[in-house]
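# Sharing a model prediction with you, sequence too.
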Amino acid sequence: MTTTAPSDVRPDPPESPDDRSLTEFGYRQELHRSLGRYASFAAGFSFISVLTTVFQFFAFGYAFGGPVFFWTWPAVLIGQLAVAACFAELAARYPISGAIYQWSSRLSNLSFGWFAGWIMVIGQIVVVAAAALALQMVLPAIWSGFQLVGSDPAPTSPDGAANAAVLGVVLLVLTTLVNLLDNRVMSAVNRIGVTAEIIGAVLIIVLLLTHSERSPGITFHTGAGTGTGLFGALMVGSFMAAYVMIGFDSAGEMSEETHHPRRTAPRTILTALGAAGLLGGLIVLGGLLAAPSLTDGRLGVDGLSYVLTSSLGDGVGRALLADVVVAIAVATLAIQTAACRMLFSMARDRQLPFSGRLAKVDPRTGMPTAPALVVGVLAAALLLLNFASPDAFLAIGTTCIVMLYLAYAMVTGPLLVRRLRGRFTADGTDETGAPLFSLGRWGVPVNALALVYGLFMTVNLAWPRAAVYDPAGGHWYFRWFTLLFLGLTLVAGAGYRAVKARATVAQAPEVVPASYA
(Lines give C-alpha, C1' and ligand atoms only; values in the text may rest on other atoms or scores of the structure.)
Protein backbone atom coordinates (compact mmCIF):
# COMPACT_ATOMS: atom_id res chain seq x y z
CA MET A 1 0.00 0.00 0.00
CA THR A 2 1.30 3.45 -0.84
CA THR A 3 0.94 6.50 1.31
CA THR A 4 1.07 10.13 0.43
CA ALA A 5 3.16 12.67 2.22
CA PRO A 6 1.37 15.25 4.36
CA SER A 7 0.42 18.38 2.45
CA ASP A 8 2.88 20.54 4.39
CA VAL A 9 5.88 18.35 3.49
CA ARG A 10 7.39 19.07 0.09
CA PRO A 11 9.96 16.87 -1.58
CA ASP A 12 13.32 18.40 -2.41
CA PRO A 13 13.39 19.85 -5.92
CA PRO A 14 15.22 17.66 -8.44
CA GLU A 15 18.90 18.43 -8.66
CA SER A 16 19.85 20.29 -11.82
CA PRO A 17 22.99 19.52 -13.87
CA ASP A 18 24.39 22.86 -12.66
CA ASP A 19 23.91 21.84 -9.02
CA ARG A 20 25.41 18.41 -9.66
CA SER A 21 28.58 20.10 -10.96
CA LEU A 22 28.92 21.57 -7.47
CA THR A 23 27.93 18.42 -5.59
CA GLU A 24 30.79 16.45 -7.13
CA PHE A 25 33.21 18.73 -5.26
CA GLY A 26 31.53 18.01 -1.94
CA TYR A 27 29.45 21.17 -1.63
CA ARG A 28 25.70 21.69 -1.61
CA GLN A 29 23.91 24.45 -3.47
CA GLU A 30 23.24 27.35 -1.09
CA LEU A 31 23.77 30.46 -3.19
CA HIS A 32 20.86 31.12 -5.55
CA ARG A 33 21.68 30.12 -9.13
CA SER A 34 20.05 32.88 -11.15
CA LEU A 35 22.74 34.47 -13.36
CA GLY A 36 22.72 34.08 -17.13
CA ARG A 37 25.46 34.72 -19.67
CA TYR A 38 25.15 38.50 -19.71
CA ALA A 39 25.08 38.68 -15.91
CA SER A 40 28.24 36.55 -15.82
CA PHE A 41 29.88 38.85 -18.37
CA ALA A 42 28.78 41.85 -16.33
CA ALA A 43 30.43 40.43 -13.20
CA GLY A 44 33.83 40.40 -14.90
CA PHE A 45 33.39 43.59 -16.92
CA SER A 46 32.16 45.65 -13.98
CA PHE A 47 35.15 44.59 -11.84
CA ILE A 48 37.48 45.73 -14.63
CA SER A 49 35.32 48.85 -15.23
CA VAL A 50 37.31 50.76 -17.82
CA LEU A 51 35.56 54.04 -17.09
CA THR A 52 36.36 53.82 -13.39
CA THR A 53 39.99 52.93 -13.65
CA VAL A 54 40.99 54.76 -16.81
CA PHE A 55 39.58 57.99 -15.41
CA GLN A 56 41.20 57.26 -12.05
CA PHE A 57 44.74 56.59 -13.31
CA PHE A 58 45.02 58.29 -16.72
CA ALA A 59 46.61 61.41 -15.23
CA PHE A 60 49.16 59.34 -13.34
CA GLY A 61 50.14 57.32 -16.42
CA TYR A 62 50.47 60.42 -18.57
CA ALA A 63 52.42 62.35 -15.94
CA PHE A 64 55.14 59.70 -15.91
CA GLY A 65 55.11 58.36 -19.45
CA GLY A 66 53.84 61.14 -21.66
CA PRO A 67 51.87 60.20 -24.81
CA VAL A 68 54.00 57.10 -25.41
CA PHE A 69 52.49 55.51 -22.30
CA PHE A 70 49.61 54.51 -24.59
CA TRP A 71 51.69 51.54 -25.77
CA THR A 72 51.76 50.05 -22.29
CA TRP A 73 48.05 49.32 -22.81
CA PRO A 74 48.35 46.67 -25.57
CA ALA A 75 51.40 45.18 -23.83
CA VAL A 76 49.49 44.66 -20.57
CA LEU A 77 46.42 43.44 -22.49
CA ILE A 78 48.44 40.67 -24.18
CA GLY A 79 49.86 39.54 -20.83
CA GLN A 80 46.49 39.54 -19.12
CA LEU A 81 44.81 37.71 -22.00
CA ALA A 82 47.31 34.89 -21.41
CA VAL A 83 46.30 34.84 -17.73
CA ALA A 84 42.61 34.97 -18.63
CA ALA A 85 42.98 32.04 -21.04
CA CYS A 86 44.45 29.92 -18.23
CA PHE A 87 41.64 30.99 -15.91
CA ALA A 88 39.05 30.11 -18.56
CA GLU A 89 40.34 26.53 -18.59
CA LEU A 90 40.13 26.34 -14.80
CA ALA A 91 36.67 27.92 -14.63
CA ALA A 92 35.40 25.12 -16.87
CA ARG A 93 36.85 22.44 -14.62
CA TYR A 94 36.23 23.98 -11.19
CA PRO A 95 32.99 26.02 -11.29
CA ILE A 96 33.20 27.03 -7.61
CA SER A 97 33.03 30.32 -5.69
CA GLY A 98 36.35 31.53 -4.38
CA ALA A 99 37.98 30.87 -7.72
CA ILE A 100 41.61 31.77 -6.99
CA TYR A 101 41.60 29.91 -3.68
CA GLN A 102 39.86 26.88 -5.14
CA TRP A 103 41.99 26.70 -8.28
CA SER A 104 45.31 27.14 -6.49
CA SER A 105 44.39 24.59 -3.81
CA ARG A 106 43.44 21.94 -6.34
CA LEU A 107 46.48 22.54 -8.54
CA SER A 108 48.97 22.51 -5.63
CA ASN A 109 47.83 21.82 -2.06
CA LEU A 110 45.47 23.28 0.49
CA SER A 111 48.16 25.27 2.36
CA PHE A 112 49.51 26.96 -0.78
CA GLY A 113 45.98 27.58 -2.03
CA TRP A 114 45.02 29.05 1.33
CA PHE A 115 47.72 31.71 1.03
CA ALA A 116 46.62 32.44 -2.55
CA GLY A 117 43.06 32.94 -1.31
CA TRP A 118 44.20 34.96 1.70
CA ILE A 119 46.31 37.32 -0.44
CA MET A 120 43.50 37.57 -2.99
CA VAL A 121 40.74 38.42 -0.53
CA ILE A 122 42.86 41.04 1.26
CA GLY A 123 43.77 42.46 -2.15
CA GLN A 124 40.11 42.54 -3.15
CA ILE A 125 39.23 44.48 -0.02
CA VAL A 126 41.94 47.01 -0.89
CA VAL A 127 40.59 47.19 -4.48
CA VAL A 128 37.13 48.00 -3.08
CA ALA A 129 38.64 50.95 -1.23
CA ALA A 130 40.65 52.08 -4.26
CA ALA A 131 37.59 51.91 -6.54
CA ALA A 132 35.49 53.95 -4.11
CA LEU A 133 38.19 56.64 -4.09
CA ALA A 134 37.69 57.13 -7.84
CA LEU A 135 34.57 59.22 -7.19
CA GLN A 136 36.85 62.12 -6.36
CA MET A 137 38.09 62.19 -9.97
CA VAL A 138 34.61 62.90 -11.37
CA LEU A 139 32.02 64.13 -8.86
CA PRO A 140 33.64 67.54 -8.08
CA ALA A 141 34.14 68.00 -11.85
CA ILE A 142 30.38 67.56 -12.32
CA TRP A 143 29.39 69.92 -9.49
CA SER A 144 31.57 71.78 -7.01
CA GLY A 145 29.06 70.98 -4.28
CA PHE A 146 30.44 67.44 -4.17
CA GLN A 147 33.64 68.89 -2.72
CA LEU A 148 32.49 68.48 0.87
CA VAL A 149 35.92 68.96 2.44
CA GLY A 150 37.97 72.09 1.68
CA SER A 151 38.16 73.64 -1.78
CA ASP A 152 40.88 71.84 -3.77
CA PRO A 153 39.38 68.83 -5.62
CA ALA A 154 42.73 67.40 -6.83
CA PRO A 155 43.09 63.92 -5.29
CA THR A 156 46.78 64.65 -4.67
CA SER A 157 45.89 67.58 -2.39
CA PRO A 158 45.00 67.24 1.33
CA ASP A 159 41.46 68.55 0.67
CA GLY A 160 40.92 66.25 -2.30
CA ALA A 161 42.27 63.21 -0.47
CA ALA A 162 40.03 63.79 2.54
CA ASN A 163 36.99 64.42 0.35
CA ALA A 164 37.71 61.24 -1.61
CA ALA A 165 37.55 59.29 1.65
CA VAL A 166 34.20 60.85 2.58
CA LEU A 167 32.64 60.15 -0.81
CA GLY A 168 34.08 56.64 -0.78
CA VAL A 169 32.55 55.79 2.60
CA VAL A 170 29.12 56.94 1.40
CA LEU A 171 29.43 54.72 -1.67
CA LEU A 172 30.52 51.73 0.43
CA VAL A 173 27.42 52.08 2.60
CA LEU A 174 25.24 51.85 -0.51
CA THR A 175 27.09 48.91 -2.08
CA THR A 176 27.02 47.01 1.22
CA LEU A 177 23.26 47.45 1.40
CA VAL A 178 22.86 46.07 -2.14
CA ASN A 179 25.06 43.11 -1.21
CA LEU A 180 22.68 42.30 1.62
CA LEU A 181 19.71 42.04 -0.74
CA ASP A 182 18.71 39.20 -3.05
CA ASN A 183 21.37 38.31 -5.62
CA ARG A 184 18.83 39.01 -8.36
CA VAL A 185 18.76 42.64 -7.22
CA MET A 186 22.55 42.76 -7.17
CA SER A 187 22.67 41.20 -10.63
CA ALA A 188 20.08 43.62 -12.01
CA VAL A 189 22.00 46.63 -10.70
CA ASN A 190 25.17 45.16 -12.17
CA ARG A 191 23.66 44.50 -15.61
CA ILE A 192 22.07 47.95 -15.85
CA GLY A 193 25.29 49.60 -14.74
CA VAL A 194 27.44 47.65 -17.19
CA THR A 195 25.07 48.44 -20.05
CA ALA A 196 25.23 52.13 -19.18
CA GLU A 197 29.02 51.93 -18.92
CA ILE A 198 29.42 50.29 -22.33
CA ILE A 199 27.10 52.83 -23.97
CA GLY A 200 28.93 55.67 -22.23
CA ALA A 201 32.33 54.31 -23.22
CA VAL A 202 31.33 54.06 -26.87
CA LEU A 203 29.96 57.62 -26.81
CA ILE A 204 33.13 58.92 -25.18
CA ILE A 205 35.29 57.19 -27.79
CA VAL A 206 33.24 58.55 -30.70
CA LEU A 207 33.16 62.09 -29.34
CA LEU A 208 36.86 62.15 -28.45
CA LEU A 209 37.93 60.79 -31.84
CA THR A 210 35.70 63.28 -33.68
CA HIS A 211 37.23 66.12 -31.65
CA SER A 212 40.85 65.14 -32.32
CA GLU A 213 43.43 67.90 -32.18
CA ARG A 214 46.35 65.80 -33.44
CA SER A 215 47.22 62.55 -35.23
CA PRO A 216 47.86 59.13 -33.63
CA GLY A 217 51.56 59.64 -34.31
CA ILE A 218 51.66 61.62 -31.07
CA THR A 219 51.69 58.30 -29.21
CA PHE A 220 55.35 57.86 -30.19
CA HIS A 221 56.35 61.05 -28.33
CA THR A 222 57.67 60.74 -24.79
CA GLY A 223 57.00 64.12 -23.23
CA ALA A 224 57.94 62.66 -19.84
CA GLY A 225 59.62 65.00 -17.45
CA THR A 226 60.24 62.64 -14.57
CA GLY A 227 63.93 62.06 -15.14
CA THR A 228 63.43 58.31 -15.08
CA GLY A 229 64.30 57.69 -18.73
CA LEU A 230 61.98 56.17 -21.33
CA PHE A 231 62.06 52.63 -19.96
CA GLY A 232 61.45 53.76 -16.39
CA ALA A 233 58.66 56.07 -17.52
CA LEU A 234 56.94 53.26 -19.38
CA MET A 235 57.28 50.88 -16.43
CA VAL A 236 55.52 53.41 -14.20
CA GLY A 237 53.11 54.43 -16.96
CA SER A 238 52.01 50.79 -17.20
CA PHE A 239 50.47 51.08 -13.73
CA MET A 240 47.26 52.42 -15.26
CA ALA A 241 46.79 49.51 -17.66
CA ALA A 242 47.80 47.02 -14.96
CA TYR A 243 45.22 48.46 -12.58
CA VAL A 244 42.45 48.51 -15.18
CA MET A 245 42.77 44.96 -16.47
CA ILE A 246 42.24 42.94 -13.30
CA GLY A 247 39.17 41.21 -11.93
CA PHE A 248 38.11 39.31 -15.04
CA ASP A 249 38.18 36.19 -12.85
CA SER A 250 34.99 37.50 -11.17
CA ALA A 251 32.96 35.56 -13.73
CA GLY A 252 34.53 32.46 -12.17
CA GLU A 253 33.85 33.78 -8.65
CA MET A 254 30.12 33.81 -9.47
CA SER A 255 30.09 30.25 -10.88
CA GLU A 256 27.85 28.87 -8.14
CA GLU A 257 25.23 31.48 -9.06
CA THR A 258 25.52 31.04 -12.84
CA HIS A 259 23.51 28.76 -15.11
CA HIS A 260 25.71 26.32 -17.08
CA PRO A 261 28.91 27.65 -15.43
CA ARG A 262 31.28 25.20 -17.14
CA ARG A 263 30.21 26.58 -20.50
CA THR A 264 29.42 30.18 -19.55
CA ALA A 265 32.26 31.28 -17.23
CA PRO A 266 35.22 30.54 -19.56
CA ARG A 267 33.65 32.57 -22.36
CA THR A 268 32.62 35.49 -20.19
CA ILE A 269 36.08 35.69 -18.57
CA LEU A 270 37.64 36.17 -22.01
CA THR A 271 34.94 38.42 -23.47
CA ALA A 272 34.91 40.69 -20.39
CA LEU A 273 38.66 41.27 -20.65
CA GLY A 274 38.59 41.56 -24.44
CA ALA A 275 35.77 44.11 -24.44
CA ALA A 276 37.36 46.12 -21.65
CA GLY A 277 40.75 46.02 -23.36
CA LEU A 278 39.36 47.31 -26.64
CA LEU A 279 37.20 50.06 -25.13
CA GLY A 280 39.84 51.19 -22.67
CA GLY A 281 42.57 51.39 -25.30
CA LEU A 282 40.38 53.53 -27.56
CA ILE A 283 39.47 55.84 -24.65
CA VAL A 284 43.15 56.36 -23.81
CA LEU A 285 43.95 57.06 -27.46
CA GLY A 286 40.96 59.38 -27.83
CA GLY A 287 41.96 61.32 -24.72
CA LEU A 288 45.47 61.90 -26.06
CA LEU A 289 44.17 63.01 -29.46
CA ALA A 290 41.43 65.31 -28.16
CA ALA A 291 43.23 66.98 -25.24
CA PRO A 292 43.36 70.76 -25.75
CA SER A 293 47.03 70.72 -24.76
CA LEU A 294 49.62 68.11 -23.96
CA THR A 295 52.02 70.57 -22.40
CA ASP A 296 50.01 72.82 -20.08
CA GLY A 297 50.30 70.33 -17.21
CA ARG A 298 46.58 69.77 -16.75
CA LEU A 299 46.46 66.37 -18.48
CA GLY A 300 48.90 65.01 -15.90
CA VAL A 301 46.81 66.35 -13.00
CA ASP A 302 43.12 66.36 -13.98
CA GLY A 303 43.29 63.59 -16.57
CA LEU A 304 40.34 62.66 -18.76
CA SER A 305 37.80 64.73 -16.79
CA TYR A 306 39.66 67.80 -18.03
CA VAL A 307 39.57 66.51 -21.63
CA LEU A 308 35.82 65.83 -21.59
CA THR A 309 34.72 69.13 -20.06
CA SER A 310 37.13 71.30 -22.07
CA SER A 311 36.88 69.58 -25.47
CA LEU A 312 33.21 68.57 -25.48
CA GLY A 313 31.76 71.46 -23.48
CA ASP A 314 30.50 71.50 -19.90
CA GLY A 315 27.06 70.10 -20.70
CA VAL A 316 28.11 67.04 -22.69
CA GLY A 317 31.24 66.53 -20.62
CA ARG A 318 29.35 66.50 -17.34
CA ALA A 319 26.68 64.17 -18.72
CA LEU A 320 29.38 61.67 -19.69
CA LEU A 321 31.05 62.10 -16.31
CA ALA A 322 27.73 61.20 -14.70
CA ASP A 323 27.91 57.90 -16.59
CA VAL A 324 31.40 57.42 -15.17
CA VAL A 325 29.91 57.84 -11.68
CA VAL A 326 27.52 54.98 -12.44
CA ALA A 327 30.46 52.86 -13.60
CA ILE A 328 32.39 53.59 -10.41
CA ALA A 329 29.42 52.64 -8.23
CA VAL A 330 28.81 49.39 -10.11
CA ALA A 331 32.53 48.54 -10.10
CA THR A 332 32.70 49.00 -6.33
CA LEU A 333 29.64 46.78 -5.96
CA ALA A 334 31.08 44.05 -8.20
CA ILE A 335 34.47 44.03 -6.46
CA GLN A 336 32.82 43.87 -3.05
CA THR A 337 30.65 40.97 -4.26
CA ALA A 338 33.72 39.07 -5.50
CA ALA A 339 35.46 39.56 -2.16
CA CYS A 340 32.34 38.31 -0.37
CA ARG A 341 32.33 35.12 -2.43
CA MET A 342 36.01 34.52 -1.65
CA LEU A 343 35.39 34.91 2.09
CA PHE A 344 32.36 32.63 1.84
CA SER A 345 34.27 29.94 -0.05
CA MET A 346 37.20 29.88 2.37
CA ALA A 347 34.92 29.98 5.41
CA ARG A 348 32.84 27.11 4.04
CA ASP A 349 36.02 25.02 4.16
CA ARG A 350 36.55 26.22 7.76
CA GLN A 351 39.72 28.03 6.73
CA LEU A 352 39.03 31.46 8.32
CA PRO A 353 38.31 32.88 11.77
CA PHE A 354 34.58 32.91 12.53
CA SER A 355 34.03 30.52 9.63
CA GLY A 356 30.62 29.44 10.87
CA ARG A 357 29.27 32.97 10.62
CA LEU A 358 31.05 33.90 7.40
CA ALA A 359 29.84 30.75 5.63
CA LYS A 360 26.19 31.27 6.53
CA VAL A 361 23.91 32.01 3.57
CA ASP A 362 20.54 33.65 4.08
CA PRO A 363 18.13 31.07 2.59
CA ARG A 364 15.69 33.82 1.58
CA THR A 365 18.13 36.06 -0.32
CA GLY A 366 20.80 33.51 -1.23
CA MET A 367 23.44 36.01 -0.08
CA PRO A 368 26.25 35.55 2.51
CA THR A 369 25.51 38.61 4.64
CA ALA A 370 28.42 38.57 7.11
CA PRO A 371 31.12 38.75 4.39
CA ALA A 372 29.40 41.81 2.87
CA LEU A 373 29.58 43.63 6.20
CA VAL A 374 33.19 42.58 6.82
CA VAL A 375 34.37 43.74 3.39
CA GLY A 376 32.46 47.03 3.63
CA VAL A 377 33.81 47.90 7.09
CA LEU A 378 37.42 46.96 6.30
CA ALA A 379 37.41 48.87 3.00
CA ALA A 380 35.99 51.94 4.75
CA ALA A 381 38.73 51.69 7.37
CA LEU A 382 41.37 51.71 4.62
CA LEU A 383 39.87 54.91 3.22
CA LEU A 384 40.79 56.65 6.47
CA LEU A 385 44.44 56.49 5.33
CA ASN A 386 43.55 59.23 2.87
CA PHE A 387 43.12 61.61 5.78
CA ALA A 388 46.74 60.96 6.75
CA SER A 389 48.25 61.94 3.39
CA PRO A 390 47.27 62.37 -0.28
CA ASP A 391 50.03 59.87 -1.13
CA ALA A 392 47.83 57.15 0.36
CA PHE A 393 45.71 57.27 -2.81
CA LEU A 394 48.49 55.84 -4.94
CA ALA A 395 49.76 53.52 -2.21
CA ILE A 396 46.33 51.92 -1.82
CA GLY A 397 45.84 51.61 -5.57
CA THR A 398 49.21 50.01 -6.24
CA THR A 399 49.02 47.66 -3.26
CA CYS A 400 45.79 46.10 -4.43
CA ILE A 401 47.18 45.49 -7.92
CA VAL A 402 50.31 43.82 -6.57
CA MET A 403 48.32 41.50 -4.33
CA LEU A 404 45.98 40.42 -7.13
CA TYR A 405 48.88 39.88 -9.54
CA LEU A 406 50.68 37.77 -6.95
CA ALA A 407 47.54 35.72 -6.27
CA TYR A 408 47.11 35.19 -10.02
CA ALA A 409 50.71 33.94 -10.24
CA MET A 410 49.93 31.49 -7.43
CA VAL A 411 47.44 29.92 -9.85
CA THR A 412 49.33 30.12 -13.15
CA GLY A 413 52.53 28.79 -11.49
CA PRO A 414 51.08 25.50 -10.19
CA LEU A 415 49.09 25.15 -13.41
CA LEU A 416 52.28 25.34 -15.48
CA VAL A 417 53.96 22.73 -13.26
CA ARG A 418 51.00 20.41 -13.80
CA ARG A 419 51.16 20.91 -17.56
CA LEU A 420 54.87 20.17 -17.69
CA ARG A 421 54.33 17.00 -15.66
CA GLY A 422 51.49 15.94 -17.94
CA ARG A 423 48.97 16.05 -15.09
CA PHE A 424 46.58 18.64 -16.52
CA THR A 425 43.97 17.05 -18.75
CA ALA A 426 41.73 18.62 -21.36
CA ASP A 427 39.15 15.87 -20.98
CA GLY A 428 35.58 16.47 -19.93
CA THR A 429 32.38 18.04 -21.21
CA ASP A 430 30.29 21.01 -20.16
CA GLU A 431 26.60 21.05 -19.30
CA THR A 432 25.61 20.82 -22.95
CA GLY A 433 27.88 17.85 -23.68
CA ALA A 434 30.43 19.95 -25.60
CA PRO A 435 34.16 19.59 -24.82
CA LEU A 436 35.45 21.85 -22.04
CA PHE A 437 37.34 24.99 -23.03
CA SER A 438 40.99 24.09 -23.61
CA LEU A 439 44.13 25.76 -24.93
CA GLY A 440 45.29 22.46 -26.38
CA ARG A 441 48.86 22.51 -27.65
CA TRP A 442 49.09 26.23 -26.86
CA GLY A 443 48.67 25.49 -23.16
CA VAL A 444 52.35 25.47 -22.16
CA PRO A 445 53.52 28.60 -24.06
CA VAL A 446 50.44 30.64 -23.08
CA ASN A 447 50.72 29.49 -19.46
CA ALA A 448 54.45 30.29 -19.38
CA LEU A 449 53.78 33.77 -20.77
CA ALA A 450 51.06 34.31 -18.17
CA LEU A 451 53.38 33.36 -15.30
CA VAL A 452 56.44 35.33 -16.48
CA TYR A 453 54.34 38.39 -17.24
CA GLY A 454 52.57 38.20 -13.88
CA LEU A 455 55.77 37.92 -11.86
CA PHE A 456 57.46 40.71 -13.84
CA MET A 457 54.55 43.08 -13.27
CA THR A 458 54.35 42.17 -9.59
CA VAL A 459 57.97 43.23 -9.11
CA ASN A 460 57.50 46.32 -11.30
CA LEU A 461 54.47 47.49 -9.35
CA ALA A 462 55.94 46.81 -5.91
CA TRP A 463 59.33 48.40 -6.59
CA PRO A 464 59.74 51.17 -3.97
CA ARG A 465 60.36 54.11 -6.31
CA ALA A 466 60.70 57.32 -4.31
CA ALA A 467 59.63 59.44 -7.30
CA VAL A 468 56.36 57.51 -7.44
CA TYR A 469 55.38 56.78 -3.87
CA ASP A 470 57.04 59.58 -1.93
CA PRO A 471 57.61 62.48 -4.35
CA ALA A 472 57.50 65.11 -1.60
CA GLY A 473 59.77 63.13 0.72
CA GLY A 474 59.33 62.49 4.40
CA HIS A 475 56.89 59.57 4.09
CA TRP A 476 59.13 56.51 3.85
CA TYR A 477 56.23 54.30 4.85
CA PHE A 478 54.33 55.18 1.67
CA ARG A 479 57.39 54.37 -0.43
CA TRP A 480 57.51 50.90 1.14
CA PHE A 481 53.75 50.64 1.77
CA THR A 482 53.09 47.85 -0.74
CA LEU A 483 55.88 45.61 0.54
CA LEU A 484 55.03 46.37 4.17
CA PHE A 485 51.34 45.65 3.62
CA LEU A 486 52.10 42.42 1.75
CA GLY A 487 54.54 41.35 4.47
CA LEU A 488 52.01 42.03 7.22
CA THR A 489 49.39 40.10 5.26
CA LEU A 490 51.66 37.06 5.01
CA VAL A 491 52.72 37.27 8.65
CA ALA A 492 49.12 37.59 9.81
CA GLY A 493 48.10 34.64 7.65
CA ALA A 494 50.99 32.47 8.87
CA GLY A 495 50.23 33.43 12.46
CA TYR A 496 46.60 32.48 12.13
CA ARG A 497 47.42 29.13 10.55
CA ALA A 498 49.98 28.36 13.28
CA VAL A 499 47.48 29.12 16.04
CA LYS A 500 44.79 27.14 14.24
CA ALA A 501 47.12 24.17 13.81
CA ARG A 502 48.03 24.11 17.53
CA ALA A 503 44.38 24.34 18.53
CA THR A 504 43.47 21.56 16.12
CA VAL A 505 46.17 19.23 17.43
CA ALA A 506 45.08 19.89 20.99
CA GLN A 507 41.43 19.15 20.24
CA ALA A 508 41.18 16.69 17.35
CA PRO A 509 42.87 15.79 14.07
CA GLU A 510 42.50 18.47 11.42
CA VAL A 511 39.54 17.96 9.15
CA VAL A 512 40.47 18.40 5.52
CA PRO A 513 37.57 19.66 3.40
CA ALA A 514 35.95 16.69 1.69
CA SER A 515 36.42 18.16 -1.75
CA TYR A 516 40.21 18.20 -1.29
CA ALA A 517 40.59 14.78 0.27
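Perfect, I can see it now.
# In whichever strand or helix holds Leu490, which residues are buried?
Using DSSP states H and E, Leu490 sits in helix 481-507. By neighbour count on 16 or more other CB atoms under 10 Å, the buried set for helix 481-507 is 481-482, 484-486, 489, 493. Where you see a C-beta, it was placed from the backbone N, CA and C, and this is true even at glycine.
# and what of stretch 116-132?
Within stretch 116-132, the residues scored as buried using 16+ other CB under 10 Å are 116-132.
# Apart from its neighbours in sequence, what residue is nearest Leu394?
Leaving out its chain neighbours, the residue that sits closest to Leu394 by CB to CB, 6 or more residues apart in numbering is Tyr469, at 6.5 Å.
# Under the pLDDT cut-off, which ranges of the chain? List them.
Low-confidence segments of the chain, defined by pLDDT under 70: 1-20, 223-229, 393, 505-517.
# what's the longest helix in it?
Ranked by residue count and defined by DSSP state H, the top helix of the chain is helix 314-348.
# helices and strands around the next helix or strand after it, which ones?
Counting by DSSP H and E, the next helix or strand C-terminal to helix 314-348 is helix 355-358. When contacts are defined as 3 or more CB pairs under 8 Å, 6 or more residues apart in numbering; DSSP states H and E, helix 355-358 packs onto helix 314-348, helix 369-383.
# got the buried residues for the helix or strand that comes right after the last one?
In this case it means helix 369-383. Next in sequence after helix 369-383, counting helices and strands by DSSP H and E, comes helix 385-388. Neighbour counts over helix 385-388 (16+ other CB under 10 Å) mark 385-386 as buried.
# Also stretch 470-478?
Result for stretch 470-478 [16+ other CB under 10 Å]: buried residues 470, 475, 478.
# quick one on the thing from earlier: redo the buried residues of helix 481-507 as CSV? Include distance to Leu455.
CSV is the format used below for the buried residues of helix 481-507 (distance: CB to CB, whole Å):
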residue, distance to Leu455
Phe481, 20
Thr482, 15
Leu484, 20
Phe485, 19
Leu486, 14
Thr489, 18
Gly493, 20
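# Skipping its backbone neighbours, what lies nearest Gly286 in space?
Closest residue in space to Gly286, ignoring its immediate chain neighbours: Leu208 at 3.0 Å, by CB to CB, 6+ apart.
# picking up where we left off before, okay, angle between the longest helix of the chain and helix 369-383 too, please.
Angle of helix 314-348 versus helix 369-383, following axes from the mean of the first three to the mean of the last three CA atoms, to 10 degrees, is 130 degrees.
# And Ile100, how close does it get to Val417?
For Ile100, the distance to Val417 equals 17 Å [CB to CB, to the nearest Å].
# With neighbour numbers in mind, choose between those two.
A side-by-side neighbour count of Ile100 and Val417, using other CB atoms under 10 Å, places Ile100 first with 28 against 15.
# Might you report the residue contacts of Thr195?
For Thr195, no residue meets the contact criterion (CB atoms under 8 Å, 6 or more residues apart in numbering).
# Quick check on it: phi, psi?
For Thr195, the backbone dihedrals are phi -60, psi -50 (criterion: degrees, to the nearest 10).
# re the thing from before, let's see which of the buried residues of stretch 116-132 end up in helices.
Under the assignment DSSP H, those contribute 116-132 to helices.
# Ala426: what secondary structure?
Following DSSP: H, G, I helix; E, B strand; the rest coil, we place Ala426 in the coil state.
# Let me know whether Gly303 touches Phe55 as I believe.
Yes: proximity of Gly303 to Phe55 meets the contact threshold set by CB atoms under 8 Å, at 6.4 Å.
# so what sits against both of those two?
Shared contacts of Gly303 and Phe55 (CB under 8 Å, 6+ apart): Met137.
# Report the separation between the most centrally placed residue in the chain and Ala161.
Central residue of the chain (CA atoms, centre = their mean): Gly247, 3.2 Å from the mean position. Separation of Gly247 from Ala161 (CB to CB): 24 Å.
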